[in-house]
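Enquirer: Here is the input, now give the coordinates:
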Amino acid sequence: MGEPCVLLKLGEVVLKGRNREIFEQRLRSNIKAALKDHRVDIRQRHGVIALFLPAGGGVEEAEAIARRVTEVPGIVLVHLAWRVAKDAEVVTQAALELVKGHAEAMPRFAVRARRRDKRFPLTSNQLDFKVGGAINDAYGFPVDLSRPELTVWIEVDKEEVFLFTDGRPGQGGLPVGSSGRALVLMSGGIDSPVAAYRMMRRGMHVDFLHFSGIPFTTTESIYKAYALVRELDKFQGKSRLWVVPFGKAQQSIRNSGQDRLAVMTQRRLMLKTAEEVAQRIHAGALITGDSLGQVASQTLANITAQDGAVELPILRPLIGLDKTEIIAEARRIGTLAISELPDEDCCTLLTSRHAETAAKIEDLKQIEKRLDAEELAVQLADSIQAYSLDA
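Expert: Modelled structure (predicted):
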């Protein structure tokens, strides 16, 4: 059957015009980093990236590589393929071997050939007919070109021919790092990890800032944030987590006596602190897991009031999703089980039965003036602790 290899199909990247090479170069770099534990030869084709194994590389290794690259944003489909010589008879015999395991099921089938190298002696239609006829003669599979249960794909390239029958969905989107860097306000809940993933998928490399209730809470929320970052790291690599000891600042807010505005004051202080950290690490935006109307702090009026706390743009990729949609996404990317673990989050220190749903910016600024919020944000940024994923 030839040699096992992996083919990666690209999506948006191929539409980037003059900038396409920049995106493809970034994607190849990300693939290389994701496959650091494997020896692969990465070769660029037109709209396709081929991953060749070293001599002697088997199907199991190709399977492991295929599974890993499905987690790399920028790739639409991942095919475990066979690389064979550019000879019509060799291609036909490889196709017969490829579908042999389906003989008992007798699936309706089709052959789809694509001839990128026009020098190949058979046209795409001729190759379809030749290979399809051989499969029908050998196994009796019925031909169905409209709704096949099994499709044999043949791609004739400049140096070889690739054969495969199906593909695994990739993450799609853009290569991480192609859209800049941002800082995620990372809670231990369900929403913020999904927000982080969505911005990774749009090409952003993200770092993570977690606010802990220390010294008035345990370190459970830190461990949980760390576990979430580790899980998300499979999509981008080189993730960084910082933790802000936020408990004393929350105590100051609670002592200010403004119960209805306490949550909004806290949110604005978190954003101010995150902006200070973002400037130090050269991040160009903040990311939150806000979903419109989900809680009191996420009404339109309160979101507007939060935007006024900082100058950096605040990206809210979940703004139009409901909780059911967010939970489904968290389950798919592998963060839901971690987010559902119990912990003592910093938000439990500052709750109100009558939280304001339409906070006025001027009222919030008066509270911040008494707290000296700008200086407090700098002090909080100075107190951050870094947590290495290599530990």
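Enquirer: ok, now how distant is Val48 from Arg116?
Expert: Distance of Val48 to Arg116, computed by Cβ to Cβ, to the nearest Å: 9 Å. C-beta: built from backbone N, CA, C; applies to glycine.
Enquirer: swap in Val206?
Expert: In terms of Cβ to Cβ, Val206 sits 36 Å off from Arg116.
Enquirer: Between the two, which is the more surrounded one?
Expert: Set Val206 next to Arg116 and count neighbours by other Cβ atoms under 10 Å: Val206 wins out with 26 against 16.
Enquirer: and Arg181, what does it touch?
Expert: 204-207, 281-284 (Cβ atoms under 8 Å, 6 or more residues apart in numbering).
Enquirer: which residues does it bridge with?
Expert: Assessed by DSSP bridges, Arg181 has beta-bridge partners His205.
Enquirer: Equivalent analysis for Thr151, please.
Expert: Bridge pairing for Thr151 (DSSP bridges) gives the partners Ala110.
Enquirer: pretty sure it contacts Ala113?
Expert: No - applying Cβ atoms under 8 Å as the test, Thr151 and Ala113 come out as separate, 11.0 Å apart.
Enquirer: And stretch 35-54, end to end?
Expert: Terminal residues of stretch 35-54 are spaced 13 Å apart (Cα to Cα, to the nearest Å).
Enquirer: How far does that stretch sit from its chain's centre?
Expert: 20 Å (Cα atoms, centre = their mean, to the nearest Å).
Enquirer: which outside residues touch that stretch?
Expert: By Cβ under 8 Å, 6+ apart, stretch 35-54 touches 3-10, 14, 24, 27-28, 31-32, 57, 61-62, 64-65, 68-69, 75, 83, 116, 155, 157, 162.
Enquirer: Looking at that stretch now, give me its mean pLDDT.
Expert: Stretch 35-54 carries an average pLDDT of 91.
Enquirer: Kindly report the same for stretch 196-213.
Expert: pLDDT averaged over stretch 196-213 gives 96.
Enquirer: repeat for stretch 172-190
Expert: 95.
Enquirer: Do you have the strands of the stretch 101-250 of the chain handy? List them.
Expert: Under the criterion DSSP state E, counting those that start in this stretch, the stretch 101-250 of the chain contains strands at 109-115, 150-156, 161-164, 168-169, 181-185, 205-212, 241-245.
Enquirer: Tell me which helix or strand comes right after the longest strand seen in the chain.
Expert: What stands out as the longest strand in the chain, according to DSSP state E, is strand 75-84. As assigned by DSSP states H and E, the chain's next helix or strand after strand 75-84 is helix 88-98.
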